[in-house]
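Student: Sequence plus predicted model, see below.
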Amino acid sequence: MITLIEILILSVIQGITEWFPVSSSGHLALMQFFFGSQDLAFDVFLHFASILSVIVIFWRDIFKLFENRDWRYMGLLVLAVIPAFLFGMLLREYIVESFNNLFFIGLFFIFSGVIICLTRFSNSKRDKVRGVDALFIGLLQVFALFPGISRSGMTISGGLFAGLKKEEAIKFSFLLSIPVILGASLAEAGQVFSSGINYWILLFSFVVTFLVSLATIRLLLSVIKSEKFWWFGIYDIVLGVVVLGWRLV
């Protein structure tokens, strides 16, 4: 049974790492290795709390999409979701197993860090997402199905590599997170409520994750605009090396 202290730690970690490009799934997997237990359904439940913070911060952009009936932009979001949806179903068994393998988690952290560091050399010019951009971002997002590879890191990096301006890359990444994470959360909702975790504890974890996520997203927006996004890649690489060392010792 997960204790209240463990719930608090996991909730704070989720709120910070879901939006910082350092992989929330990887950090939660590491913490649950430390605690000696793992619950993928509970991880996904925390993701659901995080996604509500995106809706709160980007509600104007979401409202404009529907108010202006911007079917083109919504279609691009759907296009970017498809690769993760398809590969998520095909690779589900391998994804679940990867959460139990520290060696692969370490490698995934390093891979994610290298991709993010490379954004330092990106040339962002365009403020309009094309179909090929959405597909490219969606394909990079597939890697984030595995623990240690950041979803926000992959999608923001994909936008920057595609030549999008920072503001547009951020906006597309966060709006894309809504259907992806919401869909995964709903798929695991039944397992969460049948897991035996006290509903008050679930509510507590939800509120903590939501509030921490709000603060983290606002900070991340400032960091990206200050040209320091690639610094997160260094953190990922260092953490990956530490995890590999821990696994091999």
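Tutor: Looks like it arrived, so ask away.
Student: mind listing the helices in the chain by residue range?
Tutor: 4-17, 24-35, 40-57, 59-67, 71-90, 92-98, 102-118, 131-143, 151-161, 166-193, 199-225, 231-248 (DSSP state H).
Student: what sits up against the shortest one?
Tutor: Spelled out, it's helix 92-98. For helix 92-98, the surrounding residues in contact (Cβ atoms under 8 Å, 6 or more residues apart in numbering) are 40, 88, 104-105, 108, 145-147. Quick note: C-beta positions are derived from backbone N, CA and C, even for glycine.
Student: repeat for the first one
Tutor: Counting contacts by Cβ under 8 Å, 6+ apart, the residues outside helix 4-17 that touch it are 2, 23-24, 26-28, 31-32, 35, 42-43, 46-47, 49-50, 53, 150, 201, 204-206, 208-213, 215-216.
Student: Write a PyMOL command that selects only the buried members of the residues you listed.
Tutor: Selection of the buried residues among these in PyMOL, burial being defined by 16 or more other Cβ atoms under 10 Å:
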select buried, resi 2+23+24+26+27+28+31+32+42+43+46+47+49+50+53+150+201+205+206+208+209+210+212+213+216
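Student: rewinding a little: now the helices of the chain in TSV, with mean pLDDT?
Tutor: Compiled in TSV, the helices of the chain are given as follows (pLDDT from 0 to 100):
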stretch	mean pLDDT
helix 4-17	83
helix 24-35	79
helix 40-57	80
helix 59-67	88
helix 71-90	92
helix 92-98	86
helix 102-118	95
helix 131-143	96
helix 151-161	95
helix 166-193	79
helix 199-225	88
helix 231-248	93
